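S.K.: Pasting a predicted model and its sequence here:
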Amino acid sequence: MKLTIGSNRSRIASVLLAVAVLAVGSTGCGATVSGRALRGQPDLSKLDVGNYQSKPRQVGNAKNERQARAREAQRLADHVILPYEADPAYVEDTWRLRSHIVLNHKTLGNLVINDTFDEVAGDLVAGWVNAWSTEATDDGKQRTANIAVLMFPDARSAQAAGPALERDDFTYNPENQPVSITKHAGTYAHWRPGISSIGSWTVHDRYIVFIKVVDETSAPDLPALVGHVERLLDAQIPLLATFEPTPAAALSRIPLDPPGIVGRTLPSNPESPYRPEPDGYYTGRGATTLFLEAGPALMETLKNGEVELVSFGDAVVFRSRTARGADTLWQKWKFSGEVEANEKLVDPPGGIAGNIECQAEYSSTESRILLGHICILSVDRYVVQARSKNLQDLYQRISAQYALLTSG
């Protein structure tokens, strides 16, 4: 599931969820309830929710090892830097619609050139990867920073795996040469002279931080490449101290939804042809990695909106710490203040006692090919985005999501 920021506005303009058929969401003229008085229990019986889930559910604990490890990876995501935090020159999220969760070699398959990852990292508990690039030059060249944090059961396991992963990566090409990076202890690195890229593995306690920097924008410059790695590690290593891993004995039954927000988010279709990430919630960085266009401005918007949780499913639900924070998001993202030429407000569904606006999105002002629809809803401490190609389907979707958030 990915979100998209509008190109020339600070509000979010579109949402790409985990289900491919959600391609675009609804739009609408809007129904606004002013103020933030305490809301009475709404009459949900008149809502058309179709076949969508409309009553909160108990998500419970992980049902199997893979689900447990994926949830731990989602927790870890909030503690893996976005490369622009180390260098503001990184402006584009290049991981796009691939899964960020690392449970085996598959996620890192295009970065780690060896066939022994699963054997060497057999004790891997969970991992998360981010990748950002600089703005492309006129000839399309960029510098890309890939950073993955891999978590192992203990420091001993990580210490054994780190050098072995570097060795297998290093020996894959006979032209590779070792690189010394002394600023951060436990770092093993290599490059191939004449190729402007560097790979490194840093062991820190129970973690291994893998970094690969590829710079198409300049001639091979080893000191510069080392500098890029060091700056990324400078930002990442301290962040690891802020993460509290789930105890090993409790991991297999890790709670999937302690705050109850996933149970109040429309569940995605598990048979969707495209599921980059499982449904789940994040508290910070992890959520922003699921935006198609993101960056410091988005982080600032979420901060100003006092967002404490973001839940992804068949809709995206933002929960603020206060109703005032949710209203800040609503004011930032609502459609009515700024409708562009390829957009059109449409009426929202009836029966929703909150702030809601919907709009249709078109490919261009000339062709007017309908891309789909999106609705934005604000109620209590929540702000919601939902999308669908079909407007009636979106009405049912956003109505069901409203019911989920307002049910007792």
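M.R.: It's in. Numbers count the residues shown, from 1 in each chain.
S.K.: Convert stretch 234-253 to PDB, retaining C-alpha atoms only.
M.R.: This file holds the C-alpha atoms of stretch 234-253, laid out as PDB (Å, rounded to 0.1, in the frame of the first residue of the first chain):
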ATOM      1  CA  ASP A 234      26.100   8.000  11.600                       C
ATOM      2  CA  ALA A 235      22.300   8.400  11.400                       C
ATOM      3  CA  GLN A 236      21.300   4.700  11.600                       C
ATOM      4  CA  ILE A 237      23.500   3.300  14.500                       C
ATOM      5  CA  PRO A 238      22.100   5.600  17.200                       C
ATOM      6  CA  LEU A 239      18.500   4.800  16.100                       C
ATOM      7  CA  LEU A 240      19.000   1.100  16.800                       C
ATOM      8  CA  ALA A 241      19.100   1.900  20.600                       C
ATOM      9  CA  THR A 242      15.500   3.200  20.400                       C
ATOM     10  CA  PHE A 243      14.100  -0.200  19.300                       C
ATOM     11  CA  GLU A 244      12.900  -2.700  21.800                       C
ATOM     12  CA  PRO A 245      12.800  -6.200  20.100                       C
ATOM     13  CA  THR A 246      10.100  -8.600  21.100                       C
ATOM     14  CA  PRO A 247      11.500 -11.200  23.500                       C
ATOM     15  CA  ALA A 248      12.300 -14.500  21.700                       C
ATOM     16  CA  ALA A 249       9.900 -16.400  23.900                       C
ATOM     17  CA  ALA A 250       7.000 -14.100  23.000                       C
ATOM     18  CA  LEU A 251       7.700 -13.600  19.300                       C
ATOM     19  CA  SER A 252       5.800 -16.500  17.900                       C
ATOM     20  CA  ARG A 253       2.600 -15.100  19.500                       C
END
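S.K.: where does the stretch 151-300 of the chain dip in pLDDT?
M.R.: Under the criterion pLDDT under 70, the flagged ranges of the stretch 151-300 of the chain are 271-275, 292-294.
S.K.: And the helices in the stretch 51-200 of the chain, which stretches?
M.R.: Assignment of helices within the stretch 51-200 of the chain using DSSP state H, counting those that start in this stretch yields the ranges 65-77, 117-120, 155-171.
S.K.: Check the gap between the most centrally placed residue in the chain and Gln53 for me.
M.R.: For the chain, Leu290 is the residue whose C-alpha lies nearest the centre (C-alpha atoms, centre = their mean; 2.4 Å). From Leu290 over to Gln53 the distance is 21 Å, taken as C-beta to C-beta, to the nearest Å. All C-beta atoms are positioned from the backbone trio N, CA, C, and that covers glycine.
S.K.: cool, and Pro270?
M.R.: 13 Å.
S.K.: So between those two, which is more surrounded?
M.R.: Gln53 (18 against 10; other C-beta atoms under 10 Å).
S.K.: For the more buried one, give me the pLDDT.
M.R.: Among the per-residue scores, Gln53 holds a pLDDT of 93.
S.K.: next one: Thr27
M.R.: 32.
S.K.: Check Asn114 too.
M.R.: pLDDT, Asn114: 74.
S.K.: give me every residue that touches it.
M.R.: Leu165, Asp168, Asp169, Tyr172 (C-beta atoms under 8 Å, 6 or more residues apart in numbering).
S.K.: And stretch 350-360, end to end?
M.R.: Start-to-end span of stretch 350-360 (C-alpha to C-alpha, to the nearest Å) is 17 Å.
S.K.: tell me which residues of it are tucked away?
M.R.: The neighbour-count check on stretch 350-360 (16 or more other C-beta atoms under 10 Å) flags Gly351, Ile352, Gly354, Asn355, Ile356, Glu357, Cys358, Gln359, Ala360 as buried.
S.K.: Give the rounded mean pLDDT of that stretch.
M.R.: The pLDDT scores in stretch 350-360 average 93.
S.K.: How far off centre is it?
M.R.: With C-alpha atoms, centre = their mean, to the nearest Å as the basis, stretch 350-360 stands 26 Å off its chain's centre.
S.K.: cool, stretch 257-276 as well?
M.R.: Using C-alpha atoms, centre = their mean, the offset of stretch 257-276 from its chain centre is 14 Å.
S.K.: Name the residues that touch it?
M.R.: 1-2, 17-21, 52-53, 56-60, 97-100, 256, 279-281, 309, 311-317, 319, 386, 397, 400-401, 404-405.
S.K.: cool, stretch 96-111 as well?
M.R.: 2, 16, 66, 69-70, 73-74, 77, 112, 117-118, 124, 126-130, 146, 148, 150, 210, 212, 274, 276-277, 289-290, 292.
S.K.: in the stretch 201-350 of the chain, which spans are helices?
M.R.: Under DSSP H, counting those that start in this stretch, the stretch 201-350 of the chain gives helices at 222-240, 248-251, 285-288, 296-304, 323-333.
S.K.: What residues sit buried inside the longest one?
M.R.: To tie it back to what came earlier, the one meant is helix 222-240. In helix 222-240, counting by 16+ other C-beta under 10 Å, buried: Leu225, Val226, His228, Val229, Glu230, Arg231, Leu232, Leu233, Ala235, Gln236, Ile237, Leu240.
S.K.: Tell me how many other residues crowd the spatially closest residue to Arg319 that is not a sequence neighbour.
M.R.: Distances taken as C-beta to C-beta, 6 or more residues apart in numbering place Leu309 nearest to Arg319, at 4.4 Å, with adjacent residues excluded. Per other C-beta under 10 Å, the neighbour tally for Leu309 reads 21.
S.K.: Could you number the chain from 54 rather than 1 from now on?
M.R.: With 54 as the first residue, the last one maps to Leu362.
S.K.: On the pLDDT front, check Leu362 for me.
M.R.: 97.
S.K.: correct me, but Asn395 touches Ala413?
M.R.: No - checked against C-beta atoms under 8 Å, the pair Asn395 and Ala413 is beyond contact range at 9.3 Å.
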